[in-house]
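**Q** What follows is a protein structure lacking sequence information:
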């Protein structure tokens with residue numbers, strides 16, 4: 001992911017090349033949608049899902065893609081869009097829940113501010129609450145088709161479609177000690193503070209360990225030995 005200082009340095013390159021040429025798998029510029037508040041927020045949600053499914057990264061809002069020159073590229077983000085509002089919109093509209101970190105970069109052009117959305121790597125696939133999703137492949141966000149969802153599960157080794165839901169509430173099966181161990185492990189993986197401060201249920205949901213309000217029980221038992229042979 002790119003820090004605000006790193007992004008500020010990259011902005012000078014816009015005087016000679018297009019923003020699109022600076023993009024990468026984990027880095028994206030997006031022009032802010034000014035015509036509609038709802039469309040602008042929907043774009044933030046879509047970008048969060050796309051980047052999360054692609055392995056995480058940084059999205060810079062307020063920069064046009066296909067022109068050259070800072071004065072033409074940088075249009076900025078209107079001041080009425082608060083980063084806390086955007087964070088809540090993404091959290092409320094994603095499944096599993098995403099908790100981006102938003103940062104601002106002050107610029108002399110446009111509205112005077114850019115917004116950086118930092119998406120930490122998680123456990124894909126992610127969708128909106130209607131089941132729609134995209135995935136970043138190279139410099140593009142592509143529809144998260146059934147084939148791509150299965151591929152994500154194979155490549156990450158995290159998605160287990162045979163996992164069964166355990167009856168009862170998740171809280172009735174998880175001890176406080178287990179949650180402490182889980183939070184410590186997430187902290188070691190540099191999970192954002194917002195995620196670590198979630199309630200136990202929200203944290204488990206964000207990590208893909210809860211489905212339809214029930215804790216998942218993946219089949220962790222080893223397969224039986226061939227020809228019925230027992231263990232050595």
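**A** Thanks, I have the structure now. These numbers were taken from a predicted model, which means no experiment stands behind them.
**Q** Break the chain into its domains for me.
**A** Per automatic domain parsing, the structural domains of the chain span 4-159, 161-222.
**Q** Redo those as CSV? Include mean neighbour count.
**A** Quick note: C-beta positions are derived from backbone N, CA and C, even for glycine. Formatted as CSV, the domains of the chain follow (neighbours: other CB atoms under 10 Å):
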stretch, mean neighbour count
domain 4-159, 17
domain 161-222, 14
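**Q** Check those domains for me: which has the lowest mean pLDDT.
**A** Lowest mean pLDDT of these: domain 161-222, a mean of 76.
**Q** Identify the residue nearest the geometric centre of the chain.
**A** Taking CA atoms, centre = their mean as the criterion, residue 52 is the residue nearest the geometric centre of the chain, at 3.1 Å.
**Q** name the element that one belongs to?
**A** Using DSSP states H and E, the element containing residue 52 is helix 37-53.
**Q** quick one, strands of the chain?
**A** 27-30, 57-61, 94-95, 101-106, 113-119, 127-128, 134-137, 140-143, 164-165, 210-211, 214-217 (DSSP state E).
**Q** hang on, the earlier thing: touching, the residue nearest to the centre of the chain and residue 122? I think so.
**A** Yes. In this structure residue 52 lies within contact range of residue 122 using CB atoms under 8 Å: 5.7 Å.
**Q** Need the residues touching each of those two.
**A** Common neighbours of residue 52 and residue 122, using CB atoms under 8 Å, 6 or more residues apart in numbering, are residue 98.
**Q** circling back to that earlier point, TSV please, covering the strands of the chain and showing distance to residue 67.
**A** Formatted as TSV, these follow (distance: least, CB to CB, whole Å):
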stretch	distance to residue 67
strand 27-30	11
strand 57-61	15
strand 94-95	31
strand 101-106	19
strand 113-119	16
strand 127-128	30
strand 134-137	22
strand 140-143	19
strand 164-165	50
strand 210-211	44
strand 214-217	47
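**Q** Any idea which of those strands gets closest to residue 202?
**A** In terms of CB to CB, the element of the strands of the chain nearest to residue 202 is strand 210-211, at 9.1 Å.
**Q** Go ahead and measure how far that closest one is from the middle of the chain.
**A** The chain centroid and the centroid of strand 210-211 are separated by 18 Å under CA atoms, centre = their mean, to the nearest Å.
**Q** Each with direction, which strands does it pair with?
**A** Here strand 210-211 has these sheet partners by DSSP bridges: strand 214-217 (antiparallel).
**Q** Now do the closest residue to residue 86 other than its chain neighbours against residue 70, distance only.
**A** With CB to CB, 6 or more residues apart in numbering as the criterion, residue 86 has its nearest non-adjacent residue at 5.4 Å, and that residue is residue 44. Distance of residue 44 to residue 70, computed by CB to CB, to the nearest Å: 23 Å.
**Q** can you check residue 76 too?
**A** Counting by CB to CB - residue 76 and residue 70 are separated by 11 Å.
**Q** Now the common contact residues for these two.
**A** residue 109.
**Q** thinking again about what came up before, closest one to residue 181 among the strands of the chain?
**A** Judging the strands of the chain by CB to CB, what sits closest to residue 181 is strand 214-217, at 15.3 Å.
**Q** hmm, back to that, what's the helix holding residue 52 in contact with?
**A** Applying CB under 8 Å, 6+ apart, the external contacts of helix 37-53 come out as 26, 28, 30, 32-34, 57-59, 61, 81, 86, 89-90, 93-94, 98, 100, 117, 119, 121-122, 124-128, 133-136, 141, 144, 152.
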